[in-house]
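J.: A predicted structure for the sequence below; I have some questions about it.
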Amino acid sequence: MKIKYEQLSLQEAMQTYCDWLLSQMPKFQSPPYEWYFLFYPIRTLLLGARLLQRDEYAQAVWPHLDNYIGEQLPNGALSSNFRGKPAAELSQKEIEHLLRTGKFNLADNGSNVHALIQAAQYCQDTERRERYLAAAKKWLDCWVPIWGLADGSYGNGIWGGHKLNGTYSMAMNVCSAFAAYTLATGDRHYIENAEGFAQFQCANWHQA
């Protein structure tokens, strides 16, 4: 599908872009790829589904989100890349190997979990909504705090087996997940964590 270069209304532009994204979704049926490659389009399609009342946009994202939460480890960790194997099918030895060598960073997954919460708010299926929010809560409650630092900032979790627990600015993506979870549930504990990191960032702004 090619997008014509012409002046479009806002609604036409969004529909054109969402239609193009929809045409690309079959490329993401099997690994390997990084989840964030897909989750930005997912967030756009969910917004298009809501604003344009085109439910087919949302229907295209559910299988990918189901795969994403299906790969969540028992400790709440979410992989940055699509493994293609649910956590329920992993042995303890495989889980330990993933934590030694895999990618479970906060920067990518903060953005991805934000999309998951966005999807839960749009979803009309109560059971699916609860699964998505439960997965987000498990990540925010069990995995993210491990990487929290005394000054309010966060490290970046695990990348290629390396434990990255020094302040990492792009872990700021976790703030959008915290904020989205507060908006979805009303629980202010999460926005307080987001504000703590934001205050750290503001206090450590450096001139170029």
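T.: Cool, the structure landed.

J.: Please enumerate the strands of this protein.
T.: Listed in chain order, the strands of the chain (DSSP state E) span 104-105, 157-159, 162-164.

J.: what's the most buried one of these?
T.: Among the strands of the chain, strand 104-105 has the highest mean neighbour count (mean count of other CB atoms under 10 Å), at a mean of 26. Every residue, glycine included, has its C-beta placed from N, CA and C.

J.: Walk me through which strands that strand pairs with, and which way each runs.
T.: Strand 104-105 sits in its sheet next to strand 157-159 (antiparallel), going by DSSP bridges.

J.: Now do the strand it pairs with, average pLDDT.
T.: Strand 157-159 shows a mean pLDDT of 96.

J.: contacts for it?
T.: Around strand 157-159, the neighbours that count as contacts under CB atoms under 8 Å, 6 or more residues apart in numbering are 77, 80, 99, 102-106, 109, 143, 146-147, 163-164, 171.

J.: again, but for stretch 63-72
T.: By CB under 8 Å, 6+ apart, stretch 63-72 touches 25, 28, 35, 38, 42, 78-79, 82-88, 112, 115-116, 119, 128, 131-132, 135, 138-139.

J.: Let me know the closest of the contacts of strand 157-159 to residue 11.
T.: residue 109 (32.0 Å; CB to CB).

J.: Against residue 157, how distant is the closest one?
T.: 8 Å (CB to CB, to the nearest Å).
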